[in-house]
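Visitor: Sequence and predicted structure are below.
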Amino acid sequence: MKKAVLLIAALVIFGSFAFGQATVGAWGRGLFTVLGGGGDNTDILAGDLVSWGGAPRIGMTISGTSDNVGFQADFNVDNNGVAAGDNQKIWVKPFDMLTIQIGQFFDDTLRGNAVFGAWNWLRYATNNGLVGNYPNSMDGEDSIFVRVWNTNANYLGSNFEIAVTPVEGAYIYAAMSQILSSRMSIEAVAALGQYGAGYTIEGIGQIRVQYVGEKSFTAITPSSGYINAAFKLTMIEGLTVDLGVFYPTEQDQKSYDIKAALYASYVMDALTIHVYADMISAKDTDLAFGGALGIDYSLEGGIGINADFRYDNDIKSGSNDGTVSGMIGVTKGFSNGLVGLGIEITTGNFAGGPTKTDASAMVFAVPIRLEYWF
């Protein structure tokens, strides 16, 4: 398998020189991390990780593009193994306003993220699954408007999508999932679909709305769904404010009645300020909420500073006293990557970190970060 991947990469690189249509890209990240704390657990541990836990990500993408047809295949060479990455797809544009995709893929055209600070280092794991799309993971990607395809119960990617751009600034899509290796009734396929649209209002911002059909963890049958709406304000120079709302269509099958999240960033020369807040109205509990503040600062010579502070209350975090987290990191950037050193603390847990013996105790991490992109 490894030889086959290398052969394909070599052919694509040659093809890019010959025809200018095929390319190889790459992205990867790894963290050598020292971790400790957790009450009477005095062991200091160390190991290789990636931001979301697990082995360092060594990834690459092979793609081919023409005016009307293209393909993309992602590969990850992690933990002494070769595996498919997020996208393995064929796309065709019969004419300018229509794109059709098939395979396994994600469409990030309208995605709304809240990514900063520890998200790009070693992530905190303070979420009990009440809010967000990844149980036991911090808020970040998809916190405002989820990508196509990304649901609480399914992270396999879409299998078929039709996307239309009828006028400038508009984007409309219908995507299906769970059909790559399954045969389902047309009713089940439709119920598990993701349907949405977005429109950019020139000089003001962008509005998006979608319906996301979900499945259960144990069966390929429709179980619930939710409506996700968002508005991104961009009319003030340097300021972006993105507000998203999630409303389940089957109230008795979800752990919340409604949830909302807001992400804002403000850029002033070398300084970027990030603000995040969310609230969740949950059944038979008090209000769940959390918030975060982050700062990025760029210095001369490719030096960057990242810092953040986060709080989730007891309902959202699942901890009796809530969770408090913070970090600061310094990076040195290069043309195709970076190296960095950080220190992080949390009263929750870290992705891929050890189990605490004292649930409310503070734990720490000291990550050395290596990252590349081509």
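Guide: Thanks, I have the structure now. Numbers count the residues shown, from 1 in each chain.
Visitor: make it CA atoms for all contacts and neighbour counts henceforth
Guide: Fine.
Visitor: What segments of the chain are helices?
Guide: Counting by DSSP state H, residue ranges of the helices within the chain are 2-19, 186-191, 314-317.
Visitor: rank those by mean pLDDT and give me the bottom one.
Guide: Note on the helices of the chain: lowest mean pLDDT is at helix 2-19, with a mean of 51.
Visitor: Does Ser325 touch Gly348 like I think?
Guide: Yes. Judged on C-alpha atoms under 8 Å, Ser325 makes contact with Gly348 at a distance of 7.5 Å.
Visitor: what sits in contact with each of these two?
Guide: Residues touching both Ser325 and Gly348 by C-alpha atoms under 8 Å, 6 or more residues apart in numbering: Tyr124.
Visitor: Skip the chain neighbours and tell me the closest residue to Gly205.
Guide: Closest residue to Gly205 in three dimensions, ignoring its sequence neighbours and counting by C-alpha to C-alpha, 6 or more residues apart in numbering: Leu233, at 4.5 Å.
Visitor: Who does the one you found form a beta bridge with?
Guide: The partner list for Leu233 in beta bridges (DSSP bridges) reads Gly205, Val241.
Visitor: got a list of what it touches?
Guide: Ile204, Gly205, Gln206, Leu239, Thr240, Val241, Asp242 are the contacts of Leu233 under C-alpha under 8 Å, 6+ apart.
Visitor: and if you look at Gly198?
Guide: Leu110, Gly169, Ala170, Tyr171, Ile172, Gln206, Ile207, Arg208, Val209.
Visitor: any idea of the pLDDT on it?
Guide: 98.
Visitor: before we move on, the earlier item: and which of the contacts of Leu233 is nearest to Asp67?
Guide: Of all the contacts of Leu233, Asp67 sits closest to Gln206, with 27.2 Å by C-alpha to C-alpha.
Visitor: Chain neighbours aside, what residue packs nearest to that closest one?
Guide: In space, Gln206 is closest to Thr200, 4.2 Å off (C-alpha to C-alpha, 6+ apart).
Visitor: what's the neighbour count on that neighbour?
Guide: By the criterion of other C-alpha atoms under 10 Å, Thr200 has 16 neighbours.
Visitor: Now do it against Glu168, distance only.
Guide: 8 Å (C-alpha to C-alpha, to the nearest Å).
Visitor: partner residues bridging the closest residue in space to Ala26 that isn't next to it in sequence?
Guide: Excluding the flanking residues, the one nearest Ala26 by C-alpha to C-alpha, 6+ apart is Met60, at 3.9 Å. Beta bridges link Met60 to Ala26, Phe75, judged by DSSP bridges.
Visitor: do the one 5 residues further on as well
Guide: Residues in a beta bridge with Thr65, per DSSP bridges, are Gly70.
Visitor: Might you report the residue contacts of the residue nearest to Ala26?
Guide: Val24, Gly25, Ala26, Trp27, Gly28, Asp74, Phe75, Asn76.
Visitor: ok, now with 10 Å
Guide: Contact partners of Met60, counting by C-alpha atoms under 10 Å, 6 or more residues apart in numbering, are 9, 24-28, 73-77, 84-85, 373-374.
Visitor: How about Val324?
Guide: For Val324, the contacting residues are 124, 126, 290, 292, 309-313, 317, 345-348, 360, 362, by C-alpha under 10 Å, 6+ apart.
Visitor: From Ala351, how far off is it?
Guide: Computed as C-alpha to C-alpha, the Val324 to Ala351 distance reads 15 Å.
Visitor: Any figure for the gap between Leu49 and Pro367?
Guide: Taken as C-alpha to C-alpha, the span from Leu49 to Pro367 is 9 Å.
Visitor: Identify the contacts common to these two.
Guide: Gly30, Leu31, Phe32, Thr33, Trp121, Leu122.
Visitor: State the distance from Ile162 to Gly205.
Guide: The separation that Ile162 has from Gly205, given C-alpha to C-alpha, amounts to 24 Å.
Visitor: Check Glu344 too.
Guide: Computed as C-alpha to C-alpha, the Glu344 to Gly205 distance reads 35 Å.
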